[in-house]
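Asker: All I have is the shape, not the residue letters:
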């Protein structure tokens, strides 16, 4: 889960990393009180998830209350980078003598946290890595040891800092790692970490991404979420239902057993000239009720926008009972009296066929009008052809 | 010979009293796997399918030799259970659970590396050395013993390739679901090392997917391998920036695309398949597999 800048900064403060003084506002009128509290000039920053908001005009410096009100009115409710702006962070404008890049990320391949530090902050790290890779200090952190303070000092030295500034940056790095570790972050990035005229070290921006799998144990992160819809979406994680579902834009609905199999199914649909209407992957042990719920979600898009023109289901079961899966599918079809062509390839062996044989399962599907196939290629071709027949 | 798990491997089941565990363990034992003991905290003294249950691994080790453990443990409790196994000196862990926090996975991997333990997963249906041992719930009915090594980030796709290989007469040495998460115990390259060194394995199949750069990293090793490698990468037409299914399957920025992986593998000399059936056609052309 990617946090907004203001949420990331709240976490930074809790871990003793200095941030500019700031106030979050949701209506333009609130900007006046914010300006009085902080003192001019201030910076107005849209709180959106995408990067590049500066270039898109989402960061404005203002020198008067009137200007602040005008800009706040323009920004709140605007659409920037395809997101509606509902919050603005009103911040003091800090003086900048140097911009540093500092982040800690999970390096998947090595399986360790990686500290990235550069004296050339303020630019996109990918751009920097491209143009000047030797300007980036890279330090792998042992997960069971962590980032020791002396490691942080060493890193700060490597980007040319000395004395008080070296200490200031080292402390930020040390605390950033504590945040990263304590909050189950996948990414904790400060870009730029600013050194002001007065020699203070301040986090001017914050990008924190929390590992979704750890959210349920991150009370302090959950508390930061103030939008009820986001909270439900995040905590009602599909994973606990036994399936994962992502809506897409095509017209062939699909259900796959297993993420890799589902990705292959999506590839086959594309290669046959069709387009997937969704991604849907069922997990091992899925119940009949959850299967019905998932199938129903897909069938729901047949009626409404006439988008889904056919559905293809491919499953390879070895432990999930085939009767649960097939039962859920047929329950959904019967409840909806679905009038869309449905094609299925079901492979089931071992413990999956303890309660019901594969042949019985296929018979059950056929009895509600599902066309069953042995070959995945043929089923996909049929589904793509059928989807084109509509509209 | 096969890699990692063989007929003599004695297996512990952590979380044995769970519903899924008992179903899977039954099939494992039927297959001939040496399941010797189980651990579920608080259920010591009980039995599951005739297998004795203990409260701790140490107690189990007092009565039995244990080479490997398979874990059916809730995601947030996996780290503690895995560290217990590693500290007890168990050298092969299979972590079935999906949803293990990435920080926990990093801690487990660090402990495993320090103790020379091999962790399969997290987020896997396990592994099978056909005719010898089944650790998990890979479809044993599809598997047949032979010379093809299979490693896959997707469990169900692995079952499909096993089915296709067996139907074409190409048996398998060992098939491993390496795990679908961002951080897994061992990466593609590590398994290739094992297969290269295994006298039973004459060719290898890699099933990969979008996200991360394990396949690109493995390509560097494939260049110098003596055994042929066939690779199939899924997610070629998946939209970018969306996490699809596996925690590990997301294309972001410049890395992790299917085309990038295919190209790296191709340049390294691997056969890059457009479908599972292509892999069989490729193997039919290889003299060492006749």
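Answerer: Nice, I can see it. All of these numbers come straight from a predicted model, not from anything done at the bench. Numbering: from 1, shown residues only, chains lettered A, B, ... in the order given.

Asker: Grab the longest helix from chain A for me.
Answerer: For chain A, the helix with the greatest residue count under DSSP state H is helix A:163-182.

Asker: tell me what it is packed against?
Answerer: The contact analysis (3 or more C-beta pairs under 8 Å, 6 or more residues apart in numbering or on different chains; DSSP states H and E) places helix A:163-182 against helix A:5-14, strand A:98-107, strand A:112-118, helix A:149-158, strand A:185-195, strand A:201-203. Bear in mind the C-beta positions are built from the backbone N, C-alpha and C, glycine included.

Asker: Excluding its own residues, what touches it? List them.
Answerer: A:11-12, A:14-18, A:100, A:102, A:104, A:113, A:115, A:117, A:141, A:146-147, A:149, A:152-153, A:155-157, A:159, A:161, A:185, A:188, A:190, A:193, A:195, A:199-201, A:203, A:208, B:103 (C-beta atoms under 8 Å, 6 or more residues apart in numbering or on different chains).

Asker: so which of the helices and strands packed on helix A:163-182 comes closest to residue B:187?
Answerer: With respect to residue B:187, and counting by C-beta to C-beta, the nearest of the helices and strands packed on helix A:163-182 is strand A:98-107 at 11.4 Å.

Asker: Please point out which parts of the closest one sit buried.
Answerer: A:98, A:99, A:100, A:101, A:102, A:103, A:104, A:105, A:106, A:107 (16 or more other C-beta atoms under 10 Å in any protein chain shown).

Asker: any idea where the strands of the stretch 151-290 of chain B begin and end?
Answerer: B:172-177, B:203-209, B:229-234, B:271-273 (DSSP state E, counting those that start in this stretch).

Asker: okay, those in TSV with mean neighbour count and mean pLDDT next?
Answerer: TSV is the format used below for those (neighbours: other C-beta atoms under 10 Å in any protein chain shown; pLDDT from 0 to 100):
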stretch	mean neighbour count	mean pLDDT
strand B:172-177	28	98
strand B:203-209	28	97
strand B:229-234	25	98
strand B:271-273	21	98
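
Asker: Are any of the contacts of helix A:163-182 buried, and if so which?
Answerer: Of the contacts of helix A:163-182, these count as buried by 16+ other C-beta under 10 Å: A:11-12, A:15, A:17-18, A:100, A:102, A:104, A:113, A:115, A:117, A:141, A:147, A:152-153, A:155-156, A:159, A:161, A:185, A:188, A:190, A:193, A:195, A:201, A:203, A:208, B:103.

Asker: Contact partners for whichever residue of chain A sits closest to chain B?
Answerer: Per C-beta to the nearest C-beta, residue A:260 is where chain A lies closest to chain B, at 2.0 Å. The contact partners of residue A:260, by C-beta under 8 Å, 6+ apart, come to B:152-158, B:180, B:207, B:209, B:234, B:245-246.

Asker: got a list of what the nearest residue to residue B:194 once chain neighbours are set aside touches?
Answerer: The spatially closest residue to residue B:194, leaving aside those adjacent along the chain, is residue B:3, at 4.4 Å (C-beta to C-beta, 6 or more residues apart in numbering or on different chains). Residue B:3 makes contact with B:129, B:149, B:173, B:174, B:176, B:191, B:194, B:195, B:198, B:201, according to C-beta under 8 Å, 6+ apart.

Asker: can you tell me the helix or strand for residue A:139?
Answerer: strand A:136-140 (DSSP states H and E).

Asker: Would you mark the buried spots in that strand?
Answerer: Going by 16+ other C-beta under 10 Å, strand A:136-140 has these buried residues: A:136, A:137, A:139.

Asker: can you give me the strands for the stretch 251-391 of chain A?
Answerer: A:252-257, A:278-282, A:310-317, A:342-348, A:371-372.

Asker: And the nearest residue to residue A:346 once chain neighbours are set aside, what's its pLDDT?
Answerer: Distance criterion C-beta to C-beta, 6+ apart; nearest residue to residue A:346, sequence neighbours excluded, is residue A:315 at 5.3 Å. Residue A:315 is assigned 92 on the pLDDT scale.

Asker: Then residue B:89?
Answerer: 98.

Asker: sec struct for it, please.
Answerer: Assigned by DSSP: H, G, I helix; E, B strand; the rest coil, the conformation of residue B:89 is coil.

Asker: Now for it: which residues touch it?
Answerer: residue B:115.

Asker: which one of the buried residues of strand A:136-140 is nearest residue A:301?
Answerer: Of those, the one sitting nearest to residue A:301 (C-beta to C-beta) turns out to be residue A:136, at 45.4 Å.

Asker: In this structure the closest one contacts residue A:119, no?
Answerer: No. Judged on C-beta atoms under 8 Å, residue A:136 makes no contact with residue A:119 at a distance of 9.4 Å.

Asker: Spit out the contact partners of the residue of chain B found nearest chain A.
Answerer: Using C-beta to the nearest C-beta, the single residue of chain B nearest to chain A is residue B:154, 2.0 Å away. With contact taken as C-beta under 8 Å, 6+ apart, residue B:154 is in contact with A:258, A:259, A:260, A:261, A:263, B:177, B:180, B:207, B:209, B:234, B:246.
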